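Student: Sequence and predicted structure are below.
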Amino acid sequence: DVAPDGGYGWVCVLCVSLFTFCTWGINSSYGVFLRFYLESDYFPNATSIDFALIGSIVVGISQIIAPFVFWFTQCLGFRQALIIGVIIQTAGYVLASFSTKIWQLYLTQGLMIAISFSFLFCPTSAIISSWFVKKRSLATGLSVTGAGFGGLIFSLSISKMIEDSGNQKSGLRLLAIVSFVICSLCIVFAKPRNYKRQKLNVENMVKSFKIIFDMSAWKEFNTLMVSLYFGIANMGYTVVLFSLSSYSQQIGLSANDANYLTALLNVGQILGRPLIGFLADKFGRVNFSIIGTNLMVILIFAFWINAKTYASLIALALIMGFAMPIASVMNQPLTADGVEPSRFISAYSLVLLSVGAFALPSEVIGLVLRTQSDKDFPYLHCQIFSGLGYFVGGLFLLPLREFKIKKILIQRKKKSLADLRETDNSSAFPFEEDKDEKIRKRILKYEYLLQNNIKCYFLRMFYPI
């Protein structure tokens, strides 16, 4: 039963993109709320760590509880899980707008929104892989463009509403209304391919639990490498996303300039996410993940640290927007490539657990590393941390590439041996002898590359395929 790579799948891509718009797109605008909370005294006795933790809770907890949400979805149904997510999200933003104490904000804009995000993106995360195979990276890239659109639209609109009203209430209520309307419409049209809701009984609940928490899928090399790559690289992504705006103000730019930079960063993501998917399908998913991750390392260390003018930051925001979501786009296709479709949810649960664990402290770390006393480089430690996040995360793609290249070389060796047997059985014409010699040389090359030693391990890691 081969996925169609199109058809109604494109409708589902649009729906998933809109769900992303109402979750991670909204989350991309949290920097606007963060800046308001830090500059105002709306929540007495609250510290900058409190507000950074609220943002981290949304990213971290939403993904740490993902395996349980997957299980809940299997037990109660796809649309039922989405409806619960919409209700909690709407209530979370409305209640947050009435919050006057920091513990109330922790529960509403933090914990409730985290739970709602998980109930909205977990059920939809399996949709793309069920409809697409060859175009999976492109479809995934298109489905997550909603994060860029959401970041662009919500950051500008919320900033304007806060500026006009002097508080965050109207902005939070806007998020509640928009997300409720859009998600409610998408629930009607979004569906996994060949989806059948199972009967709710103890036997099926136990069966679903064993599928979601399948330890054999968690122990697979591909899953472990993708988990570490996405988790660590996402720390760098989070710090960049929530630090560029405040960095620009720290070096003397206005609040409006900072908002426009955030908007441009999201414009870059809108264009970059589908482009990443398209290029990954063309040049290889692991190959392009390595290229994009290293590009971010170069941009942070060579460009961001030295960017001191508005013009340079505009260029940086646009270029960085193209490259920074590389791990966010590629984690699903890389996970799906390494496991059977029936085990995707189990493997992807580990990936989300990993990124959630790494995400919880990332925003707080980025805030703590800011050195206000250093006027020339106030964000140097923060920038180094984000660059190292991408660099260290990218290192886990290299053994993953070696693992995949080894499998390809084994397959090519088997094919060459079959071709050799075929030529041996055919008539011995001169051109057959030349072909036979080429095949033998090819087999010797594969046998050399497949040797179990350090030199051949690194040769496979960087073998040009």
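Tutor: Good, I have the coordinates.
Student: Please count neighbours and contacts with C-alpha atoms only from this point.
Tutor: Will do.
Student: Using the three-state scheme, assign the residue nearest in space to the middle of the chain.
Tutor: Most central in the chain under CA atoms, centre = their mean is S328, positioned 1.9 Å from the mean C-alpha point. Going by DSSP: H, G, I helix; E, B strand; the rest coil, the secondary structure assigned to S328 is helix.
Student: Would you agree it is in contact with G231?
Tutor: No. Using CA atoms under 8 Å, S328 is not in contact with G231, being 9.8 Å away.
Student: ok, back up a step: quick one: the residue nearest to the centre of the chain from L152, how far?
Tutor: Distance from S328 to L152, counting by CA to CA, to the nearest Å: 17 Å.
Student: Equivalent analysis for D41, please.
Tutor: D41 sits 26 Å away from L152, taking CA to CA as the criterion.
Student: Compare those two and say which is more crowded by neighbours.
Tutor: Here D41 and L152 are compared on neighbour count by other CA atoms under 10 Å; more neighbours surround L152, at 27 against 11.
Student: Report the secondary structure state of the more buried one.
Tutor: Quick answer, by three-state DSSP: L152 is helix.
Student: Y237 versus that one, what's the distance?
Tutor: Taking CA to CA as the measure, L152 falls 16 Å from Y237.
Student: Next, the residue nearest to F78 when sequence neighbours are not counted: phi, psi?
Tutor: Excluding its sequence neighbours, the residue lying closest to F78 (CA to CA, 6 or more residues apart in numbering) is P123, at 6.1 Å. Note on P123: backbone dihedrals following degrees, to the nearest 10 are phi -60, psi -30.
Student: mind starting the numbering at 22 from now?
Tutor: All right, first residue 22 from here; so that's P144.
Student: List the residues that contact P144.
Tutor: Each residue near P144 by CA atoms under 8 Å, 6 or more residues apart in numbering is listed here: 90-91, 94, 99, 102-103.
Student: mind giving me the domain split of the chain?
Tutor: Under the assignment named as automatic domain parsing, the residue ranges that make up the domains of the chain are 30-416, 425-482.
Student: what residues are up against the residue nearest to the centre of the chain?
Tutor: Contacts for S349 (CA under 8 Å, 6+ apart) come out as 251, 255.
Student: ok, and the helix or strand in the protein with the lowest average confidence?
Tutor: Within the chain, confidence by mean pLDDT, DSSP states H and E is lowest for helix 236-239 among all helices and strands, at a mean of 78.
Student: Send over that one as CSV, restricted to the C-alpha atoms.
Tutor: Included here for helix 236-239 are C-alpha records, laid out as CSV according to Å, rounded to 0.1, in the frame of the first residue of the first chain:
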residue,chain,number,x,y,z
MET,A,236,11.7,0.1,23.4
SER,A,237,13.1,-1.6,20.3
ALA,A,238,12.3,1.4,18.2
TRP,A,239,13.8,3.7,20.8
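Student: Whichever helix or strand comes after that helix packs against which elements?
Tutor: Once helix 236-239 ends, the next helix or strand along the chain (criterion: DSSP states H and E) is helix 242-271. Where contact means 3 or more CA pairs under 8 Å, 6 or more residues apart in numbering; DSSP states H and E, helix 242-271 is packed against helix 51-60, helix 276-304, helix 347-359, helix 365-389, helix 401-416, helix 418-446.
Student: mind checking how far helix 242-271 is from the chain centre?
Tutor: With CA atoms, centre = their mean, to the nearest Å as the basis, helix 242-271 stands 9 Å off its chain's centre.
Student: Could I get the buried residue list for that helix?
Tutor: Of the residues in helix 242-271, those buried by neighbour count under the rule 16 or more other CA atoms under 10 Å are 243-269, 271.
Student: got the phi/psi numbers for F398?
Tutor: Dihedral pair for F398: phi -130, psi 70, per degrees, to the nearest 10.
Student: What is the burial count for it?
Tutor: Residues lying near F398 (other CA under 10 Å) number 19.
Student: Then the one 4 residues further on?
Tutor: A count of neighbours around H402, defined by other CA under 10 Å, yields 16.
Student: can you tell me which residues contact it?
Tutor: H402 makes contact with 390-392, according to CA under 8 Å, 6+ apart.
Student: From L381, how far off is it?
Tutor: The separation that H402 has from L381, given CA to CA, amounts to 19 Å.
Student: again with F170
Tutor: When distances are taken as CA to CA, F170 and L381 turn out to be 24 Å apart.
Student: Same question for A238.
Tutor: On the measure of CA to CA, A238 and L381 end up 24 Å apart.
Student: Can you pull out the low-pLDDT segments for this protein?
Tutor: Residues of the chain that meet the criterion pLDDT under 70 lie in 22, 393-395, 445-454.
Student: at 50 instead, please
Tutor: Scanning the chain with the threshold set as pLDDT under 50 gives no residue ranges.
Student: Next, the buried residues of stretch 214-232.
Tutor: By neighbour count on 16+ other CA under 10 Å, the buried set for stretch 214-232 is 214, 226, 229-230, 232.
Student: now, which of those residues lie within strands?
Tutor: Taking DSSP state E, every one of the buried residues of stretch 214-232 sits outside strands.
Student: And what about G27, helix, strand or coil?
Tutor: Criterion first, three-state DSSP; result for G27: coil.
Student: That one reaches F153, doesn't it?
Tutor: Yes. Contact between G27 and F153 holds when scored by CA under 8 Å: they sit 6.9 Å apart.
Student: thinking again about what came up before, and which of the buried residues of stretch 214-232 is nearest P295?
Tutor: Of all these, P295 sits closest to R214, with 21.9 Å by CA to CA.
Student: so who does the closest one touch?
Tutor: With contacts taken as CA under 8 Å, 6+ apart, R214 has the following neighbours: 148, 151-152.
Student: can we see that at 10 Å?
Tutor: R214 makes contact with 24-25, 29-30, 33, 147-153 under the criterion CA atoms under 10 Å, 6 or more residues apart in numbering.
Student: Next step: the residues you listed restricted to helices.
Tutor: Of the contacts of R214, the ones assigned to helices by DSSP state H are 30, 33, 148-152.
Student: Most neighbours of all those, which one?
Tutor: Counting by other CA under 10 Å, I149 has the largest number of neighbours within the ones in helices among the contacts of R214, with 27 neighbours.
Student: I figured it was touching Q353, is that so?
Tutor: Yes. Here I149 reaches Q353: they are 9.1 Å apart, a contact under CA atoms under 10 Å.
Student: Need the residues touching each of these two.
Tutor: Counting by CA under 10 Å, 6+ apart, the common neighbours of I149 and Q353 are 157-158, 161.
Student: ok, now how distant is F170 from L193?
Tutor: Here the criterion is CA to CA. By it, F170 lies 18 Å from L193.
Student: Mind checking which of the two has more residues around it?
Tutor: F170 (27 against 23).
Student: List the contacts of the nearest residue to that one once chain neighbours are set aside.
Tutor: Leaving out its chain neighbours, the residue that sits closest to F170 by CA to CA, 6+ apart is I291, at 6.1 Å. Each residue near I291 by CA under 10 Å, 6+ apart is listed here: 162-163, 165-173, 285, 342-343, 346.
Student: repeat that for 8 Å
Tutor: Each residue near I291 by CA under 8 Å, 6+ apart is listed here: 166-170, 343.
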